[in-house]
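S.K.: no sequence on this one, just coordinates:
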């Protein structure tokens, strides 16, 4: 009888501990799965960060190239102005002797110039062309010839 009681107690203890063991394994498996997902998320975040860094780097280089081109254009404009004396620059007033109708370019297409905006006209100054405001004579743009 003592043996039966001992066997029954052992059976009860084993039966009570089996669900705990099963839960323990499930808990560890869930934790392992969460860790794998966390690692995957971390890798994806790092990959996205690297992509954004590359994009930012490309954008910065593109902007730098654009700035360099603008600087070169500015240097060319600074080094040589329009007109026979190369002294007419953007923002200055056109000399009064060029306000005559004989210098105004009406056939701007044949000279491969863009259409002048309202209130402006193209004026030929030597081999160069100047886009000037009709009312004030302020130079809006300079197109240097050969």
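M.R.: Cool, got the structure. These numbers come from a predicted model, not from an experiment.
S.K.: ranges for the strands of the chain?
M.R.: Listed in chain order, the strands of the chain (DSSP state E) span 104-105, 120-125, 128-133, 139-143.
S.K.: Kindly reformat the ones you listed as CSV containing mean pLDDT, mean neighbour count and distance to residue 6.
M.R.: From N, CA and C alone the C-beta is placed, and that goes for glycine too. Formatted as CSV, the entries for the strands of the chain read as follows, by pLDDT from 0 to 100; neighbours: other C-beta atoms under 10 Å; distance: least, C-beta to C-beta, whole Å:
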stretch, mean pLDDT, mean neighbour count, distance to residue 6
strand 104-105, 92, 16, 117
strand 120-125, 92, 20, 110
strand 128-133, 93, 22, 109
strand 139-143, 88, 18, 106
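S.K.: do you know which of those strands lies nearest residue 68?
M.R.: strand 139-143 (20.4 Å; C-beta to C-beta).
S.K.: other SSEs contacting that closest one?
M.R.: strand 128-133 (3 or more C-beta pairs under 8 Å, 6 or more residues apart in numbering; DSSP states H and E).
S.K.: Partner strands of the strand it packs on and their direction?
M.R.: If you go by DSSP bridges, strand 128-133 pairs up with strand 120-125 (antiparallel), strand 139-143 (antiparallel).
S.K.: Run through who's touching the first one.
M.R.: Think strand 120-125. 82-84, 88, 94, 98, 103-105, 108, 111, 113, 116, 129-134, 140 (C-beta atoms under 8 Å, 6 or more residues apart in numbering).
S.K.: can you check the last one too?
M.R.: With C-beta under 8 Å, 6+ apart as the test, strand 139-143 has contacts from 77, 81-82, 88-94, 113, 117, 120, 128-133.
S.K.: same thing but 10 Å
M.R.: Outside strand 139-143, the residues that touch it by C-beta atoms under 10 Å, 6 or more residues apart in numbering are 76-77, 80-83, 88-94, 111-114, 116-117, 119-120, 122-125, 128-133.
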